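In: sharing a model that was predicted from the sequence below.
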Amino acid sequence: MGNVVSLVRVNSPAEGIKHSISEALDLIDFKPADAVKSVVIKPNMCYYWDATTGYTTDPRIVAGIIDYVREKCGDVDIKVAEADASAMRTKYAFKVLGYEKLAKEKDVELFNLSEDVLVEKTVHVNRREISFKVPQLLLKADLFVNVPKLKIMRATKITCAMKNIFGCIGFPRKIVYHKYLDEAIVGINEILHPHLTIVDGLVGLGRFPVKLDLIMASNDVFSVDWVASQIMGYRPSTVGFLKLAVKEKVGDPDGIVTVGQNPREFASVFPKEGFVVSKYLWGIQFWLLNAYRKVTGDVVPPILEEA
């Protein structure tokens, strides 16, 4: 069997998230290594929008993963980690998005990857040399769990598992990679290899957010994105970084198997993107954010910094 991607519907988010995570991991036959002592969980905190908007990873998913890890691995060191970005400061995101509360409740550490020891790594993708500053923590973790969102992104069509690894880059101004974003996404995924990806699909974000109550799981980030792109209404071969990943042998679509729920069940209700409308709505949204920045002095999204 090739790379397996499980899809599980959460019947009751208030009570069933941990159960659904366990079910999703059982379906891919995931078993943590016996010697696990350090665990890093990397959610997606692209900005300060609450999880109900579909933009950021729901802390309840991370809580369920923490409970699962402790049940399987015992009293191990667990860190919930995120890196600063052009449009977001991790210390504020942890507070605004509910992760400080989660850390206290679950007795785990919050960790800013941009403040870690950063290791210089260079790769060649599509005949381009790309250098990254990679947090040492992610290179040494016994169990590295990638917890992305299921959402569209105008620049890349989809953003999910592989794009969330791009968010691990320790250098905050990731905007420098946007001129060759597909290559950068593939490049960082040549370096960082999470042991496990668990997708927060409680709310999916297309042209508007929709309640999906979906959890996906796999050992392979590329396979997750291949299936996720189909749910979001795209042929995977038309997604630039997935096509490039195949060319660079970072991913292989042959033999991808889905288990659990049928992806078509979620694809049928996912709000497919209309880019003309999206461009107009994003324009309004970024205008409001720019006004916010001028009033508060806060950071702004990369698209504004490019203007």
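Out: Everything's here; your move.

In: when you work out contacts or count neighbours from here on, use the C-alpha atoms and nothing else.
Out: Will do.

In: got phi/psi on Gln136?
Out: Backbone geometry at Gln136, expressed as degrees, to the nearest 10, gives phi -60, psi -40.

In: how much space between the closest residue to Ser268 other than its chain neighbours and Asp254?
Out: Spatial nearest neighbour of Ser268, excluding adjacent residues (Cα to Cα, 6 or more residues apart in numbering): Ile231 at 7.9 Å. According to Cα to Cα, to the nearest Å, Ile231 and Asp254 sit 18 Å apart.

In: those two: which is more packed in?
Out: Between Ile231 and Asp254, counted using other Cα atoms under 10 Å, Ile231 has the larger neighbour count: 24 against 9.

In: the more buried one contacts Glu273, doesn't it?
Out: No - taking contacts as Cα atoms under 8 Å, Ile231 lies outside contact range of Glu273: 11.7 Å.

In: my guess is Ile21 is in a strand, correct?
Out: No - counting by DSSP: H, G, I helix; E, B strand; the rest coil, Ile21 is located in no strand; its state is helix.

In: which residues touch it?
Out: 64-65, 68, 198, 215 (Cα atoms under 8 Å, 6 or more residues apart in numbering).

In: what about 7 Å?
Out: Residues near Ile21 by Cα atoms under 7 Å, 6 or more residues apart in numbering: Ile215.

In: pLDDT value on it, please?
Out: Looking at Ile21, its pLDDT is 97.

In: distance from the chain centre to stretch 32-52, please.
Out: The gap between the average C-alpha position of stretch 32-52 and the chain average comes to 9 Å, counting by Cα atoms, centre = their mean, to the nearest Å.

In: contacts for it?
Out: Contacts of stretch 32-52 (Cα under 7 Å, 6+ apart): 55-58, 73, 76-82, 87-88, 93, 96-97, 141-149, 164, 203.

In: type out the ChimeraX command that picks the buried ones from those residues.
Out: Only the buried entries of the contacts of stretch 32-52 go into this ChimeraX selection, using 16 or more other Cα atoms under 10 Å:
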select :55,56,57,58,73,77,78,79,80,81,82,87,88,93,97,141,142,143,144,145,146,147,148,149,164,203
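
In: tell me which of the contacts of stretch 32-52 fall in helices.
Out: 73, 93, 96, 164 (DSSP state H).

In: and the furthest pair within the residues you listed?
Out: By the measure Cα to Cα, Cys73 and Val96 form the most distant pair in the ones in helices among the contacts of stretch 32-52, at 29.7 Å.

In: please tell me how far the nearest residue to Lys157 once chain neighbours are set aside sits from Asp50.
Out: Excluding the flanking residues, the one nearest Lys157 by Cα to Cα, 6+ apart is Val239, at 6.4 Å. Here Val239 is placed at a distance of 27 Å from Asp50 (Cα to Cα).

In: same deal with Gly170?
Out: Gly170 is 23 Å from Asp50, by Cα to Cα.

In: got a list of what Lys174 touches?
Out: 85-86.

In: and Val199, that's in a strand?
Out: Yes - Val199: assigned to a strand according to three-state DSSP.

In: and Tyr68, what is it in contact with?
Out: For Tyr68, no residue meets the contact criterion (Cα under 7 Å, 6+ apart).

In: what's the spacing between stretch 196-213 and its chain's center?
Out: 11 Å.

In: list the buried residues in the strand or helix carrying Ile152.
Out: Ile152 is part of strand 149-153 when elements are defined by DSSP states H and E. Across strand 149-153, burial judged by 16+ other Cα under 10 Å covers 149-152.

In: which two in the residues you listed are spaced the farthest apart?
Out: Top of the distance list for the buried residues of strand 149-153 (Cα to Cα): Lys149 and Ile152, 9.5 Å.

In: so how far is Leu113 from the closest residue to Phe30 other than its chain neighbours?
Out: Leaving aside its sequence neighbours, Phe30 sits nearest to Asn219 (Cα to Cα, 6+ apart; 7.9 Å). When distance is defined by Cα to Cα, Asn219 is 22 Å away from Leu113.

In: settle it for me: which of these two has more neighbours?
Out: Neighbour totals were compared for Asn219 and Leu113, and Leu113 leads with 26 against 22 (other Cα under 10 Å).

In: I'd say the more buried one and Val134 touch.
Out: No - at 8.6 Å, Leu113 does not count as touching Val134 under the criterion of Cα atoms under 7 Å.

In: between the two, which contacts overlap?
Out: Gly170.

In: and stretch 152-172, how far out from the chain's middle?
Out: The chain centroid and the centroid of stretch 152-172 are separated by 7 Å, computed with Cα atoms, centre = their mean.

In: begin at 422 from here
Out: Okay, using 422 as the starting number, the last item reads as stretch 573-593.
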